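[1] here is my input; please provide its structure:
(one chain, ligands or ions: 1)
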Amino acid sequence: MPDVPPAAPSSRVLPAPLQPGPLSALAPMQDVTDLPFMRLMAHYGAPDYYFTEFFRVHAQSRPEKHILRSIDENHTGRPVFAQLIGEDIGHMVRTVRELLHHPVAGIDLNMGCPAPKIYKKNVGGGLLRDPAKIDSLLGALRDAVPGLFTVKMRIGFDSTASYETVLQLIDKHAVDLLSVHGRTVKEGYRSEVHYDFIATAARSVRGPVLANGNITSAAKAAAVLAETGAAGVMIGRHAIRNPWIFRQTREHLAGAPVFAPTLADVREYVDRLYRETRGPGIPEHAHVAKMKKYLNFVGQSVDAQGAFLHDMRRAMTEVELFAVCDRHLLSEPARPFAPEPYAGVIARPNCESPAADGCSLDTISA
Ligand SMILES: Cc1cc2nc3c(=O)[nH]c(=O)nc-3n(C[C@H](O)[C@H](O)[C@H](O)COP(=O)(O)O)c2cc1C
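    Numbering: from 1, shown residues only. Model (predicted):
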């Protein structure tokens, strides 16, 4: 892998993907898609593009240092887009100028975060209530970004009435890449994903569209690409569950044999996840708690009864956690890790908690 971070964008051509054909991206996830996690994904088979967790923009904000690290120290060989969440045009443009001093692939605007504390400030998904505001914000950001300017959005706030208007604004301001999570803000993570709305975007905007939402496997990625006509897929929670998903998707699309991880491979992933994501000075109990949030997703493919999840949630120490992993993952090490989540095995805690105050592992699950 190259040691030099990718250069800041000088043109509006998307960086070349790893293989010709549909694009792939790791979805931005607050508290997840930091530098160690991006490195982990690169180890198991990188996506074509990364997106940072969102930089919050307001009058007092400065780009958060830990998010900047995922740009400045990105040695994965794959480009990273910096995502912003905010609505004040002056401060958004100021932040863009600061970020352009870093080796970003481009600037991404968040128009989808469904957490009430976020949308009540008219940022994230809240912007979708106000097409006039979207028009002025996209115009200002387009002017401020000489390279790639991208948007990630849901299909509406509480209805899809303004969807086509918003898509017209995406085109009017020449957005270079559009990621669409096919649910409204109010649908949270509960509903089916409306892939037909993603298809509408893929048909009607000039730039490429990434389809996002419940892409659980390589086979599902291929099916969603066929159904939507999108230029690529963006995958979030199921890349936490299955870090091989980007590699598998590339193999599937190329008609090559698809890597099929065993439970022993998953045990190795858990070990690497533990080591790579433990920040300096983080106490063991806090790191074990964080690991359980990732393992909530992993456990969906370990066994159909949810026995791994049941035991994992009770572990309090590193030794207990790995004893549970050994028991469930190494007793039949050659058993396949299920390519899809087992039906009815739910990753808790539930994202629909009314206390949700951001997009985070505490508030979002399957
Ligand atoms: C823990 C978590 C944090 C998230 N943080 C962000 C974020 O910072 N910015 C954003 O645009 N979307 C965020 N999202 C939404 C995801 O990018 C994605 O749109 C959503 O999870 C649906 O895709 P999936 O079904 O592949 O997970 C987050 C989702 C999760 C699960």
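
[2] which bits of this structure sit near the ligand?
    By the rule CB under 6 Å from any ligand atom, the part of the chain lying against the ligand is 27-30, 32, 53-54, 83, 110, 112-113, 152, 181, 212-215, 235-238, 359-361, 364. The C-beta positions use only the backbone N, C-alpha and C, and glycine is treated the same way.

[3] going along the chain, name the strands of the protein.
    23-26, 49-56, 80-85, 106-111, 148-154, 177-181, 209-212, 232-235 (DSSP state E).

[4] between its first and last residues, how far does stretch 23-38 reach?
    Distance across stretch 23-38, first residue to last, is 17 Å (CA to CA, to the nearest Å).

[5] distance of residue 334 from the ligand?
    Separation of residue 334 from the ligand (CB to the nearest ligand atom, to the nearest Å) stands at 29 Å.

[6] burial count for that residue?
    Residues within reach of residue 334, counting by other CB atoms under 10 Å, total 8.

[7] which residues touch it?
    262, 263, 264 (CB atoms under 8 Å, 6 or more residues apart in numbering).

[8] want to throw the residues you listed into CSV with pLDDT and neighbour count?
    What follows is the contacts of residue 334, written out as CSV (pLDDT from 0 to 100; neighbours: other CB atoms under 10 Å):
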residue, pLDDT, neighbour count
262, 98, 15
263, 98, 23
264, 98, 15
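
[9] what sits closest to the residue in the stretch 201-350 of the chain that the ligand sits nearest to if chain neighbours are left out?
    Residue of the stretch 201-350 of the chain nearest the ligand, by CB to the nearest ligand atom: residue 236 (2.9 Å). Nearest residue to residue 236, sequence neighbours excluded (CB to CB, 6 or more residues apart in numbering): residue 27, at 3.3 Å.

[10] do the same with residue 67
    In this structure, residue 67 finds its nearest non-sequential neighbour in residue 52, 5.2 Å apart by CB to CB, 6+ apart.

[11] residues near that neighbour, how many?
    For residue 52, using other CB under 10 Å, the count is 29.

[12] convert the C-alpha atoms of the lowest-mean-pLDDT helix or strand in the chain to CSV, please.
    Averaged element by element with mean pLDDT, DSSP states H and E, the chain has its least confident helix or strand at helix 116-119 (a mean of 94). C-alpha atoms of helix 116-119 as CSV (Å, rounded to 0.1, in the frame of the first residue of the first chain):
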residue,chain,number,x,y,z
PRO,A,116,-33.8,14.6,16.5
LYS,A,117,-31.2,16.7,18.2
ILE,A,118,-29.5,17.1,14.8
TYR,A,119,-32.5,17.7,12.6
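
[13] now do that helix: distance to the chain's middle.
    Computed by CA atoms, centre = their mean, to the nearest Å, the chain-centroid distance of helix 116-119 equals 19 Å.

[14] does anything pack onto it? Which helices or strands?
    Of the remaining helices and strands, none touches helix 116-119 by 3 or more CB pairs under 8 Å, 6 or more residues apart in numbering; DSSP states H and E.

[15] about what we covered before: contact partners for the residue of the stretch 201-350 of the chain closest to the ligand?
    26, 27, 28, 29, 212.

[16] surely the second one is in contact with residue 234?
    Yes - in this structure residue 27 lies within contact range of residue 234 using CB atoms under 8 Å: 4.9 Å.

[17] pLDDT score for residue 347?
    For residue 347, the pLDDT comes out at 83.

[18] where does this structure dip in pLDDT?
    When residues are selected by pLDDT under 70, those of the chain lie in 1-10, 348-366.
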